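Novice: Could you look at this predicted model? Sequence included:
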Amino acid sequence: MSSIATLGSHCALQVLKGAKDEGFKTILICEKKREKLYRRFRFIDEFVLVDSLNEVMDKRCSSILKENNAVIIPHGTLISQMNSTEIESIKTPIFGNKWILRWESDRNMKEKLMVESRLKIPRSLPSPSEINGLVIAKRHGAAGGKGYFLATSEEEYIKKRDKLIREGIVKGDSDLYLQEYALGVSAYLQYFYSELTGELEFFGVDRRYESDIDGLGRIPAQDQIDVDLIPSFNVIGNSPLVLRESLLEEVYAMGERFVDAAKRLVAPGMTGPFCLEGVYDENGKFTTFEFSARIVAGTNLYIDGSPYSALIYDEPMSMGRRIAREIKIAKNKNQLDKVVT
Ligand code: ATP
């Protein structure tokens, strides 16, 4: 592998900056409408301009990437733009385990992997008729919180669902997954697992700022009641967090159980970056409502390293750079097959 490519969105800047720092040629698959933005950054060596990011599967893109001996770094945009079968059909080598991305996109497979990892997870509800308490209705795939809503009864669920159907945001019940709402302090735990060393690195924590739900907290309760709004959980940005040191032991234990479970269920396992997403309760117990089996955008915070990566590396180490470093080491050891699929 001599170059690193990714889609122009999500965490592309961090990924390609890290790749450049590790000595790779960098390639951006970029929609024409975003070219102006990305041209501002000199560490991007080559642009493959497309009308739609789905063209990454096409012959033209594949052959440019092949000529450049490139590996694609998958991120949230790849998952939200393409279905699992399309991702699996991409000819260019993909960093990590592309088969596990299907487990991220399908809510039922996702739940299975979390159960196998012995993570504490919120109960999922098979039908809206079982709602009795606060639940969140979520769309399948990485919708980034758009069109998600809360309900405490079946009637409220139906009312909100129908409004979103009218607005064209959801199609119907089959589009929605119901889960108990987990109350607590949200935390998105970022990890990197190296298949080459067998070591799990804890890389950082972030919180998300989500619209409209976080903005609602800024207005008084009476006004919240008066606004006719179904607040969504659409991510706008991320902010940093450090955890009480006493929580770290369990952070590693959860990450290790996830890596072990992935080895059993989805060969070759969880290679590279992943994220466990959830909330801490008042006893410091973590409930995981979601995982991402690839780099998350929350790592964009730590382009110069995080309070945790600084404990492992004596140089600024972003997640993007860590990925490039893994590819470089694998290449030098002739073990690329361990880090790409
Ligand atoms: P991504 O792929 O970007 O992680 P997603 O579309 O898969 O997003 P989730 O992370 O599952 O969506 O949910 C989006 C947001 O909804 C979360 O960041 C969180 O604020 C809230 N959320 C989801 N599930 C729960 C839950 N069970 N309890 C409390 N909050 C939740």
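Specialist: Cool, the structure landed. Remember, it's a predicted structure, so these values are computed and weren't measured experimentally. Numbering: from 1, shown residues only.

Novice: Quick check: K98 touching T341?
Specialist: Yes. Applying CB atoms under 8 Å as the test, K98 and T341 come out as touching, 4.7 Å apart. C-betas here are computed from N, CA, C, even on glycine.

Novice: The two: who's more crowded?
Specialist: K98 (22 against 17; other CB atoms under 10 Å).

Novice: got the contact list for the more buried one?
Specialist: Neighbouring residues of K98 by CB atoms under 8 Å, 6 or more residues apart in numbering: 74, 87-88, 90, 341.

Novice: Surely it is within a helix?
Specialist: No. When the secondary structure is assigned by DSSP: H, G, I helix; E, B strand; the rest coil, K98 falls in coil instead of a helix.

Novice: Now do the same for it: its pLDDT.
Specialist: pLDDT recorded at K98 is 97.

Novice: ok, D206 to E282 distance?
Specialist: 21 Å (CB to CB, to the nearest Å).

Novice: quick one, which of these two is more surrounded?
Specialist: D206 (25 against 8).

Novice: is the ligand contacted by the helix or strand hosting the more buried one?
Specialist: Assigned by DSSP states H and E, D206 belongs to strand 200-212. Yes. Strand 200-212 lies within reach of the ligand by CB under 6 Å from any ligand atom, at 208, 210.

Novice: Show me which residues of that strand are buried.
Specialist: 200-208, 210-211 (16 or more other CB atoms under 10 Å).

Novice: ok, and the most crowded of the contacts of K98?
Specialist: P74 (25 neighbours).

Novice: got the contact list for it?
Specialist: 6, 87, 94-96, 98, 101, 294-295.

Novice: and if we set it to 7 Å?
Specialist: 94-96, 98, 101, 294 (CB atoms under 7 Å, 6 or more residues apart in numbering).

Novice: Summarise which helices and strands the host helix or strand of Q179 is packed against.
Specialist: Here Q179, judged by DSSP H and E, is contained in strand 176-180. Secondary-structure packing of strand 176-180 (3 or more CB pairs under 7 Å, 6 or more residues apart in numbering; DSSP states H and E): strand 124-125, strand 135-139.

Novice: helices or strands next to the helix or strand that comes right after the last one in the packing?
Specialist: Downstream of strand 135-139, the next assigned helix or strand under DSSP H and E is strand 149-151. Strand 149-151 makes packing contacts with strand 135-139, helix 154-166 when contacts are defined by 3+ CB pairs under 7 Å, 6+ apart.

Novice: now strand 149-151: mean pLDDT?
Specialist: In the prediction, strand 149-151 has an average pLDDT of 94.

Novice: which residues touch that strand?
Specialist: For strand 149-151, using CB under 7 Å, 6+ apart, the contacting residues are 131, 134-137, 157, 160, 181, 230, 232.

Novice: Distance from the chain centre to that strand, please.
Specialist: Centroid separation for strand 149-151 versus its chain: 22 Å, with CA atoms, centre = their mean, to the nearest Å.

Novice: is any part of that strand close to the ligand?
Specialist: No. Between strand 149-151 and the ligand, judged by CB under 6 Å from any ligand atom, nothing touches; the nearest distance is 8.7 Å.

Novice: where does the stretch 51-200 of the chain have low pLDDT?
Specialist: Scanning the stretch 51-200 of the chain for pLDDT under 70 picks out 141-143.

Novice: What parts of it come near the ligand?
Specialist: 76, 122, 136, 138, 142-145, 148, 179, 181-182, 186.

Novice: Just give me the closest of these to V242.
Specialist: When these are compared for distance to V242 (CB to CB), S186 comes out closest, at 14.3 Å.

Novice: Thought R207 was touching that closest one, still the case?
Specialist: Yes. Taking contacts as CB atoms under 7 Å, S186 lies within contact range of R207: 5.5 Å.

Novice: Need the residues of the stretch 51-200 of the chain next to the ligand in JSON lines (columns: neighbour count).
Specialist: What follows is those, written out as JSON lines (neighbours: other CB atoms under 10 Å):
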{"residue": "G76", "neighbour count": "21"}
{"residue": "P122", "neighbour count": "20"}
{"residue": "I136", "neighbour count": "19"}
{"residue": "K138", "neighbour count": "21"}
{"residue": "A142", "neighbour count": "21"}
{"residue": "A143", "neighbour count": "17"}
{"residue": "G144", "neighbour count": "20"}
{"residue": "G145", "neighbour count": "18"}
{"residue": "Y148", "neighbour count": "23"}
{"residue": "Q179", "neighbour count": "18"}
{"residue": "Y181", "neighbour count": "14"}
{"residue": "A182", "neighbour count": "20"}
{"residue": "S186", "neighbour count": "18"}
